[in-house]
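Participant: predicted model follows, preceded by the sequence.
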Amino acid sequence: MHSIQLLVHHLPHLSRHVLPYIAALKFRSYADQSGYKHDTEQALRVAGLGSSRVLRRVVSLRSRFMAEQMFITYAKPVDLLEMTPNIIDGDRNYLAVRQQIAIGRPILFGCSYFGCMFYALLAMKGLVKDLLVVTASDPAPGLHLFEKIAIASGIRIAVVGANDHVVALKILRQLRRGASVATMLDCFYGNHSDSCINFLGRPATSLGTLYRLGQSANAFVVPTASIYRDGRQELDVGEMVDLQTQSIDAASQRINDYFSNLARVYPDQWMGWQNLWMRWNKANLSEAV
C-alpha cells in the first residue's frame, strides 16, 4: 500500500491508469465475484441488454470503483478536483436546482451507480454548503473518503448509514432547515419494501420512506448520474421532481424512469445490475405474499 500511496501522491495522472489493474487483481480474489457476475448477467439478459461485451465492461466497473477509492484515499485535494465531472453550460435542470437552493428549498440529490458517487459530490462544489450523505450500510469504513471529498470541495459533509436507528430524524432535520441530502436513488438496500415501482420493465423494490420524508420537508428530488462522454465524466442532471405536487409512487416512478432510460443507453456504465436483480426478486416475493 505504501507504493500505491507514493504513486498517487507524486504521479496522480499515471496512477489513474495503473490503479484499475491493481484493483482488478484484488477483485479476482473476492469470494463474491462469481455471484456478482451471475446476478449481473441475469439482470442484463432479462432487461434485453445482455451481451458478452456489455457483461465484460459492467463486471470491470467494480474494480474501477475500487481503483477510484484508492485514488481518493491517497490523492491531494487539488488532484481530487480533477475528478469533478463537467456540467454542460446552460443546463436548464442544473440552473433550476441552483435557483431553488438560492431561495432556501431543500434538495434531495439522487446520486447513482453511474460513475463513482464521489464524482457527483465533487460536482456540488459551489452549489451546496452543507450536505448529509446517507450510505447503504455502516459508513465507518468509508468516512476517510468523505472527509477527503469535504476538504477538496469545501462542503461540510456529515454521513449516516441507512440502518442507523435515527437516520430518518437526521434526514428530516437536514431538509427542514433548507439544507441538502445526498444518497443513491437507483438502488434499494432495505430489508422490507414499502414500494414496488417499475424499473426497466419489471416491478422492483424502491424507496418510499425517503420520499415521504422529503415530502414532509417540502423538498425537491434531483436525480443525477456521472456519464462518461467524449473522453471524460459529465454530470447528467435529471428534471427536478417536486414532492408537493404528486404522489410518492408517481415521484418514485419518475426517478426510476430516469435511471432506467440511462441504463438502456449506457448499460456498460451502470454498476447497479446486481442490485436490480435482487430488487426484482424481492418485488416478486412481495407480490406473491
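Facilitator: Arrived safely. Residues are numbered from 1 along each chain as shown.

Participant: tell me the first helix or strand C-terminal of the lengthiest strand in the chain.
Facilitator: Ranked by residue count and defined by DSSP state E, the top strand of the chain is strand 220-229. Next along the chain after strand 220-229, taking DSSP states H and E as the criterion, comes strand 232-237.

Participant: helix or strand right after that next one?
Facilitator: strand 241-242.

Participant: may I have the phi/psi pair for the nearest residue in space to Lys76 that is not next to it in sequence?
Facilitator: Closest residue to Lys76 apart from its sequence neighbours, by Cβ to Cβ, 6 or more residues apart in numbering: His9 at 6.8 Å. (C-beta placed from N, C-alpha, C; glycine too.) The phi and psi torsions at His9 (degrees, to the nearest 10) take the values phi -70, psi -40.

Participant: residue contacts, His9?
Facilitator: By Cβ atoms under 8 Å, 6 or more residues apart in numbering, the contact set of His9 is 74-76.

Participant: one more: Gly238?
Facilitator: Per Cβ under 8 Å, 6+ apart, neighbours of Gly238: 93, 110, 222-225, 255, 258.

Participant: would you say Phe109 is within a helix?
Facilitator: No. Going by DSSP: H, G, I helix; E, B strand; the rest coil, the assignment for Phe109 is strand, not a helix.

Participant: re the thing from before, which residues are in contact with the longest strand of the chain?
Facilitator: Counting by Cβ under 8 Å, 6+ apart, 85, 93, 97, 100, 105-112, 114-116, 119-120, 123, 185-186, 211, 214, 233-238, 240-243, 251, 255, 258-259, 262, 266, 269 sit against strand 220-229.

Participant: hmm, Asp130 is touching Ile155, no?
Facilitator: Yes. Taking Cβ atoms under 8 Å as the definition, Asp130 is a contact partner of Ile155 at 7.3 Å.

Participant: more neighbours, these two?
Facilitator: For the pair Asp130 and Ile155, the greater number of neighbours falls to Ile155 (22 against 13), based on other Cβ atoms under 10 Å.

Participant: any idea how far the more buried one lies from Ile171?
Facilitator: 17 Å (Cβ to Cβ, to the nearest Å).

Participant: got it, and Ile151?
Facilitator: 24 Å.

Participant: what's the answer for Leu185, then?
Facilitator: From Leu185 to Ile171 the distance is 13 Å (Cβ to Cβ).

Participant: for the stretch 101-250 of the chain, which segments count as strands?
Facilitator: 107-111, 130-135, 156-161, 180-184, 196-199, 202-205, 220-229, 232-237, 241-242 (DSSP state E, counting those that start in this stretch).

Participant: tell me which of the ones you listed sits nearest to Ser60.
Facilitator: strand 220-229 (12.7 Å; Cβ to Cβ).

Participant: so can I have TSV of the contacts of His9 showing secondary structure, pLDDT and distance to Leu276?
Facilitator: Formatted as TSV, the contacts of His9 follow (DSSP: H, G, I helix; E, B strand; the rest coil; pLDDT from 0 to 100; distance: Cβ to Cβ, whole Å):
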residue	secondary structure	pLDDT	distance to Leu276
Tyr74	helix	94	32
Ala75	coil	94	31
Lys76	coil	93	36
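
Participant: which stretches of the stretch 1-150 of the chain form helices?
Facilitator: For the stretch 1-150 of the chain, applying DSSP state H, counting those that start in this stretch gives helices covering 2-10, 12-28, 33-46, 52-74, 77-80, 92-102, 117-122, 143-153.
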